[in-house]
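Participant: my questions concern the predicted model and sequence given below.
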Amino acid sequence: MGITNRRNFLRNSALGLFGLPVAANTGLNMGPGSEKTAIKRYKMLGRTGFKVSDFGSGAPSSEAVLRALLDAGVNVIDTGEAYGNGNNEKLIAKAIKDYDRSKLFINSKLYAEKDFGSKKDVVERCYASIERLETDYIDCMMIHSAENSRIIKDKSFHAAMKKLKKEGKVRYVGVSCHGNNHLVNPEESLEKILMTAVDDSRFDVIQMAYNFFNAGMAGKVLEACEKHNIGTQIIKSNPVQLYLMMDDRIQTSKAAGKEVPESTQKFYDKFKAMTEEGKSFFKDYGIINEEELMEAAMTFVLSDKRAHSVLWAFNSFTDIEVMLKMSGSELEDKNMALLANYDESFGRLNCRIGCSACEVVCPHKMPVGYIMRYNYYFNVKGRQREAMEKFATLPGKKPHEVCGNCEGHCEGACPYQVSTRSVLAAAERNLGGLV
């Protein structure tokens, strides 16, 4: 696949920006004579007893797209008070007016930087979310992006949840986690935070990053959730997209005659060399192309019975066509081998979300987890402005100011041999607007 074709594919499938809207009143069709695009598998969401679609809607960006998803059988909707300052909840309220509320599972989330304040504060915030959603209850109220074990046990949050569950305003309690906040607590990994939630016993649903790159670490949490009958919702399920886009961006810059700044040149030389080395494995698969690789990565998660619903940011009707065709899919032996080879070849270019091993030893306290999360927003979710603004507010120095002269403590400590400085340089190129 040439540079132009690859760029078109990445733009189309990852960001959902191609094609014209398709009528979505009774479902979507791939074309004349094709089957309607629809959810093909539902899984029990742990002890909630609710059967959820294997694909769920991440915070929706369009009423029309959300309605099309509901028509296609999606019954999980994720949101939070921080998304659009509550406006995302209002969007959902408008979209679900003509649907049976009892057949939908809606999450909302509350974020706390240090703690949740008083029980009264938490209760009022939950009431506000319910009001914005124009519903009588929220299926699962979550702690938004838990960054340490302390917040998992916040007394005010749990006291409020106990009251709201008794009133029928909140049915279940959950937590989402991207990883730790190294600047506050450098000792805790995603695994430790979420295992604290599992052991706590008060959480009914856990929302976590899971993909074939971080299967070892995330798998331990999924096993524990299965043992304790806790529901799971999966985020960041397809890391292939991100690094295909990074590679394409580098090639495009070079084709346009742009030079990489001297401070990051050696990172990009290393990045390119590793990318070319990793690409060699494609030759062993003949007709296997990048689209099939991405589908294999998605199917890896969908095939796992411990992963109950994969939350995806559907930005267009085309996204629905592309993604829902994989609903109910199982991973074939051929694709399992492909993913194993991809991990071996490209693994050094992929930070495992929530690992934090590099942050613990970094003398410059570089918030690697945050930077990689914002780069994911930039590349995959199409939220470039938000990602750049968040990156700009991170305290301390930026990678180009310190990583160039550092001996690479991060790479020495990484259990996955990730070329951390190269990955950081690529991320800063996006987020910092570097030439």
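Facilitator: Thanks, I have the structure now.

Participant: how far away is residue 217 from residue 331?
Facilitator: 20 Å (C-beta to C-beta, to the nearest Å). C-beta: built from backbone N, CA, C; applies to glycine.

Participant: likewise for residue 319?
Facilitator: Distance from residue 319 to residue 331, by C-beta to C-beta: 22 Å.

Participant: those two - which one has more neighbours?
Facilitator: More crowded of residue 319 and residue 331, by other C-beta atoms under 10 Å: residue 319, with 23 against 19.

Participant: and that one, what pLDDT?
Facilitator: pLDDT recorded at residue 319 is 92.

Participant: do the one 4 residues further on as well
Facilitator: According to the predicted model, the pLDDT of residue 323 comes to 93.

Participant: that one contacts residue 312, correct?
Facilitator: Yes - if you go by C-beta atoms under 8 Å, residue 323 and residue 312 touch, sitting 5.7 Å apart.

Participant: now do the shared contacts for the two.
Facilitator: Jointly contacting residue 323 and residue 312 under the rule C-beta atoms under 8 Å, 6 or more residues apart in numbering are residue 55.

Participant: does anything pack onto the longest strand anywhere in the chain? Which helices or strands?
Facilitator: If you go by DSSP state E, the chain has its longest strand at strand 170-177. Counting contacts by 3 or more C-beta pairs under 8 Å, 6 or more residues apart in numbering; DSSP states H and E, strand 170-177 packs against strand 138-143, helix 155-167, helix 190-200, strand 205-209, strand 231-235.

Participant: and residue 355, how many neighbours?
Facilitator: 23.

Participant: look up the closest residue to it, ignoring the ones flanking it.
Facilitator: residue 189 (6.2 Å; C-beta to C-beta, 6 or more residues apart in numbering).

Participant: what about that neighbour, how many neighbours?
Facilitator: 20.

Participant: from residue 352, how far off is it?
Facilitator: In this view, residue 189 and residue 352 are 9 Å apart by C-beta to C-beta.

Participant: just give me the neighbour total for residue 116.
Facilitator: 21.

Participant: pretty sure it is touching residue 154, no?
Facilitator: Yes - taking C-beta under 8 Å as the definition, residue 116 is a contact partner of residue 154 at 5.1 Å.

Participant: re earlier: what angle do the longest strand of the chain and strand 205-209 make?
Facilitator: 20 degrees (axes from the mean of the first three to the mean of the last three C-alpha atoms, to 10 degrees).

Participant: now do strand 170-177 and helix 155-167, the angle between them.
Facilitator: Relative orientation of strand 170-177 and helix 155-167, computed by the same axes, to 10 degrees: 150 degrees.

Participant: okay, now the sheet partners of strand 170-177, with direction.
Facilitator: strand 138-143 (parallel), strand 205-209 (parallel) (DSSP bridges).

Participant: quick one: the shortest one to chain centroid distance?
Facilitator: Yep, that's strand 205-209 we're talking about. Put simply, strand 205-209 sits 10 Å off its chain's centre (C-alpha atoms, centre = their mean, to the nearest Å).

Participant: count of neighbours near residue 398?
Facilitator: Residue 398 - counted by other C-beta under 10 Å - has 18 other residues nearby.

Participant: ok, it - contacts?
Facilitator: Contacts of residue 398 (C-beta under 8 Å, 6+ apart): 428, 432.

Participant: next, give phi and psi for it.
Facilitator: With angles defined as degrees, to the nearest 10, residue 398 sits at phi -90, psi 160.

Participant: could you check the pLDDT of it?
Facilitator: pLDDT at residue 398 comes out at 89.

Participant: ditto for residue 285
Facilitator: pLDDT at residue 285 comes out at 44.

Participant: repeat for residue 239
Facilitator: 69.

Participant: follow-up on the earlier one: what angle do the longest strand of the chain and helix 190-200 make?
Facilitator: Going by the same axes, to 10 degrees, strand 170-177 makes 160 degrees with helix 190-200.

Participant: and strand 170-177, how far out from the chain middle?
Facilitator: 17 Å.

Participant: contacts for it, please.
Facilitator: Applying C-beta under 8 Å, 6+ apart, the contact partners of strand 170-177 are 48, 107, 109, 126, 137-147, 152, 158, 161, 164-165, 190, 193-194, 197, 202-209, 231, 233, 235, 354.

Participant: what residues of stretch 414-428 count as buried?
Facilitator: 414, 416, 418-428 (16 or more other C-beta atoms under 10 Å).

Participant: could you verify that residue 222 is part of a strand?
Facilitator: No - secondary structure of residue 222 (DSSP: H, G, I helix; E, B strand; the rest coil): helix, not part of a strand.
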